[in-house]
Each structure stands twice: as structure tokens, then as C-alpha cells.
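> I would like to see how this sequence folds:
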Amino acid sequence: MQTAIHHFHIPVMGLAFTIDSPIKVARFGITSAVSIIEDNLVETMRKYYYQQYDEPYSPITPDEEDYRAKRITDYLNLLSRIVKNQFEKLKSSAFEAGSEIVKYFDMLPEDSNLKAIYREMMRSMSEREKHTLEHFLKEEMKPGAIEVNIMTKLDKNNYSKSGELIEDGSDALTALKGYAESELKDSAVIFSAGMNPRLFNYLEKFEAFDPKGWGQFDKKIIIKVSDFRSALIQGKYLAKKGIWVSEFRVESGLNCGGHAFATEGLLMGPILDEFKNRREELINSLFEIYNPAMEALGKPTYERPHPIKFTVQGGIGTHQEDVFLREYYNIDSTGWGTPFLLCPEATTVDEATLTRLTEAGEKDVVLSTNSPLGVRFNYLKGTSSDLEKRERIKRGFPGSPCTEKYLVSNTEFTNEPICTASRRYQKMKIEQLQTLDLPKEQLQDQLDEVLSKECLCIGLSNSVTHQYKIPFVKKLESVTICPGPNIAYFSKLTTLQEMTDHIYDRADLLENTERPHMFVKELRLYVNYIREQVDKTYSPDNKTLRSYTNFCENLLAGISYYLDLPLASKQCFSDNLTVEHLESAKTEVQNIQDHIHKLSSANQEA
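Numbers count the residues shown, from 1 in each chain. Got it, this is the predicted structure:
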């Protein structure tokens, strides 16, 4: 199992924002993730990069059988070729000021063995010794991994032109096939948004995920989870099939970009503490299932478990937070997403949206209901998509044209699933709500939720339309972006060198910025979330009230955990994680509990 060059990775962001990040950062040893579910975007990028690198481009059209998987496979192979060529060119460059090989080593973390040898080489007086060290360094260099992300909920069935269901032809399955059949090595597929049995079962069809030896996988499995229980359930499900999970990627439920899957009030600190304390238990319990499954399949078994990495992401913003997570919780790598949206050398964000990101404050990023999936969605207000949506509503024509159909899921008014952001759905839903004789406030809340829905397929893809001057969908050019709340504290466009310097404490991009510790920020988000849930639930039943009570109890347990952390670990916190913040949150949660208790009492009296 190879050791990563860097302590951090760049998670998937939106559809387009990291669609070509490997071409930008992989040659410097930085791992990044690509979304592969939107094959029309993938095809657009195929054409663009074939032309950029003077390779002949042949369109893969919907007329071809299995065209979605073929597009994805070829794009990933193209990324792989480009990165390999970039990396070989970088390795052959001279160790001189301004060269890419110097940039490679300058960006390494300060505790890197390679960096120590690099410094020794640069100080060396002997040409022979310098040549020997140069040769050693070049042999030890490696590029960052190209990872792909599949959001498991995006798994629409697809049909042939004659209307027949295509076997194994759903969106997520064809994306997985496209990845499995690619030439990528030392790579991984990330499954996010929960367990999809159909998708997980489909893994069995591909030998690409089998080990080549102990800890040796060309293509690894990464599961993004929000808590320990989720990791255990999904890990066991796959282990029974002889499939090993090589990494559990823990993400904050609310302090993240994009879709936000709130836990039941479980906070990041206690969640990571459980992973820390039960790490070996998790690994061994999976291995006890995995080895017999491998034997039953006639595949090689192993004397000890393959390694499993534990990584974390969601709201990390300082070197101190990064170090605390890795050292106190034994985390192998940290995910830095949102700050990289302001780094054009790493991500693809159009200029107008970049300007909006630099201006964003705490009130500009909202936990919205804008996603057609019905999942809460961290969303930046004031983008071109937001303004366009408001203008359509103002003109009396709410809803979006639905061209891509990746998020079609609603059959409330139709036999065939349609998207809740579409004009068709919103027209019918608004007409229905206006006939229900609801109280004025409740009606407005429901209308607001319907009208908030936005076309993410187009909005999250369109940054490439502006950045590279290439059409994605004609006449639809507005951009949606979904940073985490962390964007409120980053306001400068940065270079890749500056961002890595910030991560490794060689620079401070947050100088003179008042920013709460990531744990305090997440706590605030959860307190606001439960308050909103309680306030906007009309006539809650006892079951709902019990779930709210449990949510509050988990928050109070998390606050107590933070207050009881050992002194040594508290020294890793920033100054902004104070007892006052925690005690204030505790009082707020207790007040919410009192309100829930009054609602419960009213129900009993009724």
C-alpha cells in the first residue's frame, strides 16, 4: 500500500468544479476526485482536452450501445495519459528556480522525508552526492491519485428507444462500469450519499476491485460516511461479497459543501472519537467476514486484514485544525474542499462565480431546500442561477427546463418520474397547494420550498461553459455553486503554492479573519438546524417530538464531550473554541428542549 505524498486530498465538488482537477494538481502529488455521473459534461470535457492536446477526437454519441460507460472510460483514460505525460515531463525538469520539480518539492509538508532529502540535496556541495540524491528523489516521486465519485442516490433507470429497461443500465451502474473498465491504477471510487444495494451488488461483476496481493489494489473502494454505524453496516455488506473497503471518509453532516446529510445531532468530535477507539474492532469485524467470502469465491485469502485508511473532511480551515484531526484522532488524511474553490490552479470556477465567492459572508451560504433530491443543500446565494430563478418566479414562470434528467424522481403527478425543479412539476404542485386551504404561513412555507428547487445538472456543470468557452447545453448558461459554510472566511484568490503553504502553516490565508473553530461552527449549524425543524413542523406528532428530543440529547452529549476533552488535546484547538461558545450553545439547546417538552405536553392534553 503506497504512502501518500501529501497529508490532504481535494474532495469532489459539484459536477464541473473538480472535473479536470487531476490535470491541474496530480503531477504535484495531490489527490483529487472527479464526478463522473454527468456523462454529457464528461463528453464535453473529452472533446475539449482531446483538442487541447492535439489528439484526434471521435464523438461517443447516444446512438452507440453503452455510450455512457464508454464516455466515462475514455475520459478517465485521457486524464490518466495526460497526467502521466505531465509527471514524466516534471520529473525530467531541472532542479532550478521556477521549475515544476522544485514546485513539487516546495509544496510538500514540512515533516516529509522526501522534503528533508530534497533540502539536503539543495545544500549539497558535492556534485556526485547531489546527483545521487537527485536520482533517489526522482525514483521516490509519484503523482496524486485520480479518484472518482459516484453519488449513490443518482441511479435513474434508463430505457432503450423501444421502451425496454436496459439491464445494468442505470446511471450509477454505468458510471461504475465506466470507471471499472478504465486504465486508472492506484485509484479509487468514492461512494457517497449512503448505501445503494443494486450498485454495491454490481461491484461483484468486476475483477478490477480484487486485490493483486496484500494491500495492493489497482482500484480501491472508498465509502463516505457520517458516523461509525454507517461505516460498519456498509463495510460488512461489501465484505460479504469479498469486496474490501480501503478507506472510510468521514464527512461532517452539515459543515460541508453540496448535499448535507444531517446526523441525528451527532457531532464530528464524538464521531471521530468512536472511530479512534473502535478502529481495530471495525477492521477485524470486516476481515472476519471478508476472508471466508473470498474463500467461498475461490479467491486468495489473507493472514491479516488489508489496510484501511480513515480520513475526514468538512469545514477544515487551519493548519492547527488539520494537525489536531490527524494527531488526536489518528486520521490518515484530511479533505480540503471549499477553500480550493478560490484556487484556479486546482479547480474550475468561472470568473463571475469566483468574484461572488470572494465576497461571500456567513449569511450568503444557506442550508437550502434547493436540491430536487429532497436533501438539504449548502448553497451560495446571488449566483447567476439564483438570480435567474428569482426572475422566472417574478415573471410567473417558475421552474427550469429539464434537459439532463439525472435528478428525476417524483411521480406525484405523473407515471414517469420528473424533476421537482422542472417547470412541469412546479406548475402542478403550486396548483395543488392552492386548493388545500392551508393556513397562510404553512402555505407560504410549502410554496417557498417548491419554488426553491433548482436545476443542479446544468447549474453545477456550467462553470466549464464560461471558463473554457465551450457549450454544455445551448442557451442555458447560469451557474450554481455549493460551497461549505467555510467559504465565508476565505476571501482571496490563491495559487496552488499559497494554498498548500496555508495548509502546512507556511502562510496564513485567514490573517485577521475572525473564524470559529470547525467544531464550534458545526455545532452552531446543528443548533440552527434543529431550531428550524422544530419551528417549521406544524402539529408535530409524538414520534416526531421524540426524534427532536433525541437530537437535542445528542447535541448536549457532544457539547459535554468537547468540554471534557483532555487539556493536551484542547491545546490543539484554536483560541476561538472557548468554553463560552460551548456553554452558550448548551443553553440554546436546553431552551429548544423546553419548547419540545411543551409541545409534547400539549399533545397529551389534547
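> could you use CA atoms for every contact and neighbour count after this?
OK.
> the bottom helix or strand of the protein by mean pLDDT?
helix 567-570 (a mean of 59; mean pLDDT, DSSP states H and E).
> wait, what's in contact with residue 70?
Taking CA atoms under 8 Å, 6 or more residues apart in numbering as the criterion, residue 70 is in contact with 60, 178.
> so is residue 516 in a helix, a strand, or just coil?
coil (DSSP: H, G, I helix; E, B strand; the rest coil).
> with residue 554 instead?
Reduced to three states by three-state DSSP, residue 554 is helix.
> so which strand or helix has the closest residue in space to it that isn't next to it in sequence?
Distance criterion CA to CA, 6 or more residues apart in numbering; nearest residue to residue 554, sequence neighbours excluded, is residue 265 at 5.1 Å. Under the criterion of DSSP states H and E, residue 265 resides outside all helices and strands.
> please begin residue numbering at 46 from this point
I'll keep to 46 as the first residue from here, and by that count the last item is residue 310.
> so residue 310 versus residue 420, what's the distance?
16 Å (CA to CA, to the nearest Å).
> the two: who's more crowded?
Under the criterion of other CA atoms under 10 Å, the comparison of residue 310 against residue 420 puts residue 310 first, with 23 against 17.
> that one touches residue 594, doesn't it?
No: contact criterion CA atoms under 8 Å: residue 310 and residue 594 do not qualify, at 9.9 Å.
> can you give me the offset of the strand or helix carrying residue 402 from its chain's centre?
Using DSSP H and E, residue 402 sits within helix 396-404. For helix 396-404, the separation from the chain centroid amounts to 21 Å (computed by CA atoms, centre = their mean, to the nearest Å).
> for stretch 341-353, same thing?
Worked out by CA atoms, centre = their mean, stretch 341-353 lies 29 Å from the chain centre.
> just the endpoints, please. Distance across it?
Per CA to CA, the first residue of stretch 341-353 is 23 Å away from its last.
> could you pull out the buried residues of that stretch?
346, 350-351, 353 (16 or more other CA atoms under 10 Å).
> and the contacts of it?
46, 259-260, 287, 289-293, 328-329, 332, 336-337, 339-340.
> quick check: ChimeraX command selecting the buried ones in the residues you listed.
Provided next is the ChimeraX selection string for whichever of these are buried by 16+ other CA under 10 Å:
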select :260,287,289,290,291,292,293,328,332,336,337,339
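> of all the contacts of stretch 341-353, which comes closest to residue 440?
Checking the contacts of stretch 341-353 against residue 440 with CA to CA, the nearest one is residue 293 at 46.7 Å.
> I'd say that closest one and residue 267 touch.
Yes: using CA under 8 Å, residue 293 makes contact with residue 267 at a distance of 5.8 Å.
> helix, strand, or coil at residue 194?
Residue 194 is classified as strand under three-state DSSP.
> ok, back up a step: any chance of the buried residues of stretch 341-353 in JSON lines with distance to residue 305 and secondary structure as columns?
Below are those laid out as JSON lines (distance: CA to CA, whole Å; DSSP: H, G, I helix; E, B strand; the rest coil):
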{"residue": "346", "distance to residue 305": "38", "secondary structure": "coil"}
{"residue": "350", "distance to residue 305": "32", "secondary structure": "coil"}
{"residue": "351", "distance to residue 305": "31", "secondary structure": "coil"}
{"residue": "353", "distance to residue 305": "25", "secondary structure": "coil"}
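> could those be laid out in JSON lines, adding pLDDT and distance to residue 147?
Output for those, formatted as JSON lines (pLDDT from 0 to 100; distance: CA to CA, whole Å):
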{"residue": "346", "pLDDT": "97", "distance to residue 147": "43"}
{"residue": "350", "pLDDT": "98", "distance to residue 147": "38"}
{"residue": "351", "pLDDT": "98", "distance to residue 147": "34"}
{"residue": "353", "pLDDT": "98", "distance to residue 147": "32"}
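> residue 70: which of the residues you listed is nearest?
Closest to residue 70, out of all of the buried residues of stretch 341-353 and judged by CA to CA, is residue 353, at 24.5 Å.
> now the closest one. Its backbone dihedrals?
Phi and psi for residue 353, reported as degrees, to the nearest 10, are phi -130, psi 130.
> just residue 303 next, same as before
Torsion angles, degrees, to the nearest 10, at residue 303: phi 70, psi -150.
> now for it, how many residues are close by?
Residue 303: 25 neighbours (other CA under 10 Å).
> kindly report the same for the one 4 residues further on.
Burial of residue 307, expressed as a neighbour count using other CA under 10 Å, amounts to 18.
> next one: residue 76
25.
> what sits against it?
Per CA under 8 Å, 6+ apart, neighbours of residue 76: 53-55, 67, 70, 188-192.
> same check, this time on residue 51
74-75, 153-154.
> where does whatever residue is furthest in space from the centre of the chain fall, phi/psi-wise?
Most distant from the centre of the chain: residue 171, at 47.2 Å, with distances by CA atoms, centre = their mean. Dihedral pair for residue 171: phi -90, psi 130, per degrees, to the nearest 10.
> please, which helix or strand holds residue 266?
strand 264-270.
> centre of the chain to that strand, how far?
Worked out by CA atoms, centre = their mean, strand 264-270 lies 12 Å from the chain centre.
> closest to residue 228 out of the contacts of residue 76?
Using CA to CA, the contacts of residue 76 come closest to residue 228 at residue 191, 11.1 Å.
> against residue 128, how distant is the closest one?
Taking CA to CA, one finds residue 191 at 9 Å from residue 128.
> what residues do those two have in common as contacts?
With CA under 8 Å, 6+ apart as the test, residue 191 and residue 128 both reach 67, 71.
> want to throw the contacts of residue 51 into CSV with secondary structure and neighbour count?
Shown next, in CSV, are the contacts of residue 51 (DSSP: H, G, I helix; E, B strand; the rest coil; neighbours: other CA atoms under 10 Å):
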residue, secondary structure, neighbour count
74, coil, 22
75, coil, 26
153, coil, 23
154, coil, 21
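> ok, so of those residues, who is nearest residue 466?
Set against residue 466, the nearest of the contacts of residue 51 by CA to CA is residue 75 (36.0 Å).
> confirm residue 293 sits in a strand?
Yes: if the criterion is three-state DSSP, then residue 293 is within a strand.
> what are the bridge partners for it, then?
Assessed by DSSP bridges, residue 293 has beta-bridge partners residue 268, residue 355.
> pLDDT wise, what is it at?
Per-residue pLDDT puts residue 293 at 98.
> can you pull the contacts of it?
267-270, 276, 353-356.
> same question, residue 199
82, 216-217, 451-452.
> strands of the stretch 146-295 of the chain, start to end?
Here the stretch 146-295 of the chain has its strands, by DSSP state E, counting those that start in this stretch, at 191-196, 232-237, 264-270, 292-296.
> tabulate these (TSV), appending distance to residue 603.
Listed next are the strands of the stretch 146-295 of the chain as TSV, based on distance: least, CA to CA, whole Å:
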stretch	distance to residue 603
strand 191-196	29
strand 232-237	25
strand 264-270	18
strand 292-296	16
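> of these, give the one that comes closest to residue 167.
strand 191-196 (30.3 Å).
> distance of the residue farthest from the centre of the chain relative to residue 59?
50 Å.
> one step back: neighbour count winner among residue 191 and residue 128?
residue 191 (26 against 23).
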